[in-house]
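S.K.: Pasting the sequence and the predicted coordinates here, then a few questions.
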Amino acid sequence: MKNYISGNYINQGSYKSFQPNLVNQAWQINDMKIIDMLSKADRAIGRLDMYSEYIPNIDLFVSMHVLKEATKSSRIEGTQTNIEDAILEREDVTPEKRDDWEEVHNYTIAMGQAIESLKELPFSNRLIKNVHKKLLRGVRGMHKEPGNFRKSQNWIGGASINDAVFVPPNPSSVPDLMSDLEKFCHNEEFHIPNLLKIAILHYQFETIHPFLDGNGRVGRLLIPLFLVSKKILKNPVLYLSDFFEKNRTLYYDNLMLVREKNNLSQWFKFFLTGITETCNSSIETFDKILQLEKKSAIKIQSLRSRAANAQKVINDLYQRPIINVAKVSEITGLSVASAYKLIEELEKIQILREITGSKRGKQYVYDDYLKLFL
C-alpha cells in the first residue's frame, strides 16, 4: 500500500472539495500485519456463518439482529431511538420519538427487501439507489431526491460549506465514481480479498457521499449486503454499526486518515478489527440464544396442556420480543380470556414481564431475550 494515493483536493473558490481516485485497479497488499488480521477475520466470519447455518429457525432471530443494527446505525446519525423503543408498535411510541422510530423501521424494511432482491438483482448502483429510496421514505431527508445520486454539492460537519470538516467530490463526478465502484465490486481480474474489498467499498462510498442525505446509513447497510451477495455469509447476521458507534471517533478519524494521509492500512486494520470483534460477539449472542431456548423449553413443559400454545408465543417473541393479549390470541387461536390465562402462566415462569403498568393496553416483554441485544 506504499504507493496508494487516495485523491486530491480541488479548489472550488471559497472551499476545497476532495476528488477521490478510482478504485477499480490492481491492488497489492504487502503489510504482514494486515494479512495476519485478515486471516483472523476470515476465520471469525467463517465460524459465524457455520454457526448461523446450524441454528434451527435462524430466520426467527435474524430480525432482532437487523433491528439492533438499524437502531445503532440510526443512532450514529443522531436519532434517539433505542431498541426498547424500536420493538414497540408506532402508536405506542411517544410522539416526539416517532420520527426516529420511522427511520429505524425504514432501515429494517430496506435491509429485508435488499436481501430478497439479491436473488434477482446483482449488488449494483441500482440496488443501492433502491435501498436509499426505501430508507428515506417518509422520514428526514425524504425531500432530498431519494433514490437518486446528488446533483448539488454536499458537505460533512460545519455550519456551512466554508467551515466544513469534509467536502465530498463535485456532483458532476459522482456518476463516474459510482460506476467505477460498481465495476470494482465485480472485477475478478484484479484479485483482492473480499473483506478488504468491502473495506475499500465502504470507505470510497462514504468519501463519494453520493446522496444528499442518508449516506452513512446506506454505507453501513452495504456491508452485510455485499457479504451475502458474495456468499461469504448465507444469512445477514454481521453488522458493524455497533462497533462503529462504540468507536465513533476512531471511525471518522480513520476515514479522514485515508483522505489526508493516504493511510489506507490503518483503515484496513480498524475495519478488520471490527469484523473479528463483531463476529465473535455475534457468535456469543447466538450461543446465548440457544441456551435461552433450552432454558425456556424446560420452563414451558411445566405448563402441561398450555405448553404447545406457549411455544407458539415464544417463537413469535424471538422475532419481536414484545406482545399483548390480542397478539397472543391471534397466534394461538385462544379466546381473549384464555390468552390472558396463558400470559399469566408465562409471567409466573418468568418468561414474560408486563411493562406498561396500566390496566388496559398491557404490553409484555420477553426480558431475557431482549437483554441479549442491549
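M.R.: Okay, I see it. None of these values were measured; they are calculated from a predicted model. Numbering: from 1, shown residues only.

S.K.: Break the chain into its domains for me.
M.R.: Domains of the chain are assigned by automatic domain parsing as 7-284, 302-373.

S.K.: For those, could you give me JSON lines that also reports mean neighbour count?
M.R.: In this view, the C-beta of every residue, glycine as well, is placed from N, C-alpha and C. Shown next, in JSON lines, are the domains of the chain (neighbours: other C-beta atoms under 10 Å):
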{"stretch": "domain 7-284", "mean neighbour count": "18"}
{"stretch": "domain 302-373", "mean neighbour count": "16"}
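
S.K.: and the spatially closest residue to residue 299 that is not a sequence neighbour, how far is that from residue 339?
M.R.: Counting by C-beta to C-beta, 6 or more residues apart in numbering, residue 349 is the residue found nearest to residue 299 once chain neighbours are left out, at 4.5 Å. Per C-beta to C-beta, to the nearest Å, residue 349 is found 16 Å from residue 339.

S.K.: low pLDDT regions in the protein?
M.R.: 1-2 (pLDDT under 70).

S.K.: Where do the strands of it begin and end?
M.R.: Applying DSSP state E to the chain gives strands spanning 7-11, 16-20, 322-323, 353-354, 364-365.

S.K.: ok, back up a step: now the domains of the chain in CSV, with distance to residue 296?
M.R.: Rendered in CSV, the data for the domains of the chain read as follows (distance: least, C-beta to C-beta, whole Å):
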stretch, distance to residue 296
domain 7-284, 13
domain 302-373, 6
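
S.K.: circling back: to residue 204, which of the strands of the chain lies closest?
M.R.: For these, the distance to residue 204 is smallest for strand 16-20, at 6.3 Å, taking C-beta to C-beta.

S.K.: Run the angle between that closest one and strand 7-11 for me.
M.R.: Using axes from the mean of the first three to the mean of the last three C-alpha atoms, to 10 degrees, the inter-axis angle of strand 16-20 relative to strand 7-11 is 150 degrees.

S.K.: Now do strand 16-20: which elements does it pack against?
M.R.: Packing contacts for strand 16-20, counted by 3 or more C-beta pairs under 8 Å, 6 or more residues apart in numbering; DSSP states H and E, involve strand 7-11, helix 194-208.

S.K.: Pipe those into TSV and attach distance to residue 184 per row.
M.R.: Below are the helices and strands packed on strand 16-20 laid out as TSV (distance: least, C-beta to C-beta, whole Å):
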stretch	distance to residue 184
strand 7-11	15
helix 194-208	7
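
S.K.: In this protein, where's the longest helix?
M.R.: Longest helix of the chain, by residue count under DSSP state H: helix 264-301.

S.K.: which strands and helices sit next to that helix?
M.R.: Applying 3+ C-beta pairs under 8 Å, 6+ apart, we find helix 264-301 packed against helix 32-53, helix 58-76, helix 194-208, helix 241-246, helix 248-261, helix 307-319, helix 367-370.

S.K.: redo that, cut-off 7 Å
M.R.: Judged by 3 or more C-beta pairs under 7 Å, 6 or more residues apart in numbering; DSSP states H and E, helix 264-301 is in contact with helix 32-53, helix 194-208, helix 241-246, helix 248-261, helix 307-319.

S.K.: how far off helix 194-208 does that helix point, in degrees?
M.R.: With the same axes, to 10 degrees defining the directions, helix 264-301 sits at 110 degrees from helix 194-208.

S.K.: which residues touch the residue lying closest to residue 69 once chain neighbours are set aside?
M.R.: The spatially closest residue to residue 69, leaving aside those adjacent along the chain, is residue 239, at 3.6 Å (C-beta to C-beta, 6+ apart). Neighbouring residues of residue 239 by C-beta atoms under 7 Å, 6 or more residues apart in numbering: 65, 69, 224.

S.K.: Can you tell me which of these is nearest residue 370?
M.R.: Set against residue 370, the nearest of these by C-beta to C-beta is residue 65 (13.0 Å).

S.K.: tell me the contacts of the closest one?
M.R.: Residue 65 is in contact with 237, 239, counting by C-beta under 7 Å, 6+ apart.

S.K.: what's the answer for residue 280, then?
M.R.: residue 44.

S.K.: quick one: the closest residue to residue 156 other than its chain neighbours and residue 221, what's the gap?
M.R.: Spatial nearest neighbour of residue 156, excluding adjacent residues (C-beta to C-beta, 6+ apart): residue 166 at 4.4 Å. Computed with C-beta to C-beta, the distance linking residue 166 and residue 221 is 21 Å.

S.K.: quick one on the thing from earlier: right, and the strands of the chain - which one's nearest residue 371?
M.R.: With C-beta to C-beta as the measure, strand 364-365 is the member of the strands of the chain nearest residue 371 (9.8 Å).

S.K.: Residue 226 contacts residue 202, doesn't it?
M.R.: No - between residue 226 and residue 202 there is no contact under C-beta atoms under 7 Å: 8.7 Å.

S.K.: I'd say residue 66 and residue 111 touch.
M.R.: Yes - using C-beta under 7 Å, residue 66 makes contact with residue 111 at a distance of 5.3 Å.
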